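Colleague: sequence and predicted structure, then a few things I'm wondering about:
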Amino acid sequence: MKQAINRRYGTWRGLVRALLGHLENATGRLRSFKLRDPAGVRRAVFVCHGNICRSAFAHMEALRHGLNVASLGLSTSTGGRSPQQALSASDRAGVDMTAHRATSWPDFKVLPGDLFLVMEVRQAHEIRRRLGPRDDVQVALLGMWCKPPMPHLHDPYKLGDAYFDTCFVRVREAVANLAADLPNARLDPPTTRPQTA
């Protein structure tokens, strides 16, 4: 039982947060974090805690889909590298994250048309707080593009390889589905070269 939970949700805490996220979604409390204007999105901005695992992988995946992309961490230092465990997981997924460097919020420039894609409900609230009254950007939960939707994508940092793989599979699926919904957030021409915000 514990092994199955760790593989699917990372930890018991990950399971609880996933269940709470599903409950909030079912009761309509996440309505404000749904994509309301796909045509208005000019850049996909992936956000997590440290910008070294989940959002770093999402960043690289989005580049493969030709999206104009950036990423950042809510509690990180600019220039930080992804840990070896994340690099190994990305290698298993066929994605090279070695060139990725973290970007912190103070070093990030918000642009009109940004869509902030967070991994957790609490991150969505924090990004909205930091953005203040801006109405030229949007905030959404990346996991809502999973099938079925996953409002909470638990942080794999320092967790087992099995959950790292599960997390990255979910991120990959979400990014692929997201890319189809963002017609005006394309790079011209598409590139597979790593880019940082």
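Modeller: Happy to help now that I have it. Numbers count the residues shown, from 1 in each chain.

Colleague: how far away is residue 171 from residue 135?
Modeller: In this structure, residue 171 lies at 28 Å from residue 135, with C-beta to C-beta, to the nearest Å as the measure. Backbone N, C-alpha and C define where each C-beta goes, glycine included.

Colleague: the two - which one has more neighbours?
Modeller: Set side by side, residue 171 and residue 135 give different neighbour counts by other C-beta atoms under 10 Å, the larger being at residue 171 (32 against 7).

Colleague: check contacts around the more buried one.
Modeller: The contact partners of residue 171, by C-beta atoms under 8 Å, 6 or more residues apart in numbering, come to 54, 57, 58, 61, 142, 153.

Colleague: which helix is the longest one in this structure?
Modeller: Of all segments of type helix in the chain, defined using DSSP state H, the longest is helix 161-179.

Colleague: in that one, what counts as buried?
Modeller: Of the residues in helix 161-179, those scored as buried under the neighbour-count criterion (16 or more other C-beta atoms under 10 Å) are 162-168, 170-175, 178-179.

Colleague: could I get it in PDB with only the CA atoms?
Modeller: Once side chains and other backbone atoms are set aside, the C-alpha atoms of helix 161-179 remain, and they are given as PDB (Å, rounded to 0.1, in the frame of the first residue of the first chain):
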ATOM      1  CA  ASP A 161      12.700   7.400  -8.800                       C
ATOM      2  CA  ALA A 162       9.300   5.700  -9.300                       C
ATOM      3  CA  TYR A 163       7.400   8.900  -8.400                       C
ATOM      4  CA  PHE A 164       9.800  11.100 -10.300                       C
ATOM      5  CA  ASP A 165       8.900   9.000 -13.400                       C
ATOM      6  CA  THR A 166       5.200   9.200 -12.600                       C
ATOM      7  CA  CYS A 167       5.400  13.000 -12.100                       C
ATOM      8  CA  PHE A 168       7.200  13.600 -15.300                       C
ATOM      9  CA  VAL A 169       4.800  11.400 -17.300                       C
ATOM     10  CA  ARG A 170       1.900  13.500 -15.900                       C
ATOM     11  CA  VAL A 171       3.700  16.800 -16.700                       C
ATOM     12  CA  ARG A 172       4.500  15.500 -20.300                       C
ATOM     13  CA  GLU A 173       0.900  14.600 -20.900                       C
ATOM     14  CA  ALA A 174      -0.400  17.900 -19.500                       C
ATOM     15  CA  VAL A 175       2.100  19.900 -21.700                       C
ATOM     16  CA  ALA A 176       1.100  18.000 -24.800                       C
ATOM     17  CA  ASN A 177      -2.600  18.700 -24.200                       C
ATOM     18  CA  LEU A 178      -1.900  22.300 -23.200                       C
ATOM     19  CA  ALA A 179       0.100  23.000 -26.400                       C
END
